[in-house]
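J.: Fold the following.
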Amino acid sequence: MDLNTLKPALGSTKQGKRIGRGPGSGHGKTAGKGHKGQKARSGGSIKAGFEGGQMPLQRRLPKRGFTPLSRIEYSLVNLKQLDVFDAGSTVDAAALASKGLIKSAGCNIKILGDGEIVKSLKICATKFTQSAKEKIIAAGGSAEEKN
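T.: Numbers count the residues shown, from 1 in each chain. Below you'll find the predicted structure:
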């Protein structure tokens, strides 16, 4: 087999439209562009969002707020959700992801203090609220912050 003998499989390629090549082609005369007007001209097309001179929608609506570049997104987990773990176990990103409490193991986690915790758990997260930390320590567990 040589490179000069390679051909595409039958039916996998189509012939291009030969527009403006006479009436027999079905695309002669105006070449599928209709009669006159802006869209029939060479290089003539209307920009996306152009409304015929009326003030475009994206300029009529007010700008609101901004997203700071330094923003850090946290996956939030409440203490009441940690009941699914056995007493004495280590709760980290991988464990939370395996139980379906967060989407992926590679995200930042913040433990919130909603609910009660009765088991002693070793919890590793990016951040804790003050109330969550107090409840975890009161239950005999440990709250370890990691970056």
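J.: Per-residue confidence, the residue positioned nearest the centre of the chain, what does it come out as?
T.: Residue closest to the mean C-alpha point of the chain, counted by C-alpha atoms, centre = their mean, is K103 at 12.8 Å. What the model reports as pLDDT for K103 is 91.
J.: if I look at the nearest residue to E134 once chain neighbours are set aside, how far off is P8?
T.: Among residues not flanking E134 along the chain, G113 sits closest, at 7.6 Å (C-beta to C-beta, 6 or more residues apart in numbering). For every residue, glycine as well, the C-beta is placed using N, CA and C. Remark: distance between G113 and P8 (C-beta to C-beta, to the nearest Å) = 64 Å.
J.: To which secondary structure element is the residue nearest to the centre of the chain assigned?
T.: According to DSSP states H and E, K103 maps onto no helix or strand at all.
J.: Contact partners for the residue nearest to it when sequence neighbours are not counted?
T.: Among residues not flanking K103 along the chain, S75 sits closest, at 6.8 Å (C-beta to C-beta, 6+ apart). When the contact criterion is C-beta atoms under 8 Å, 6 or more residues apart in numbering, the partners of S75 are L96, I102, K103, C107, N108, I109, K110.
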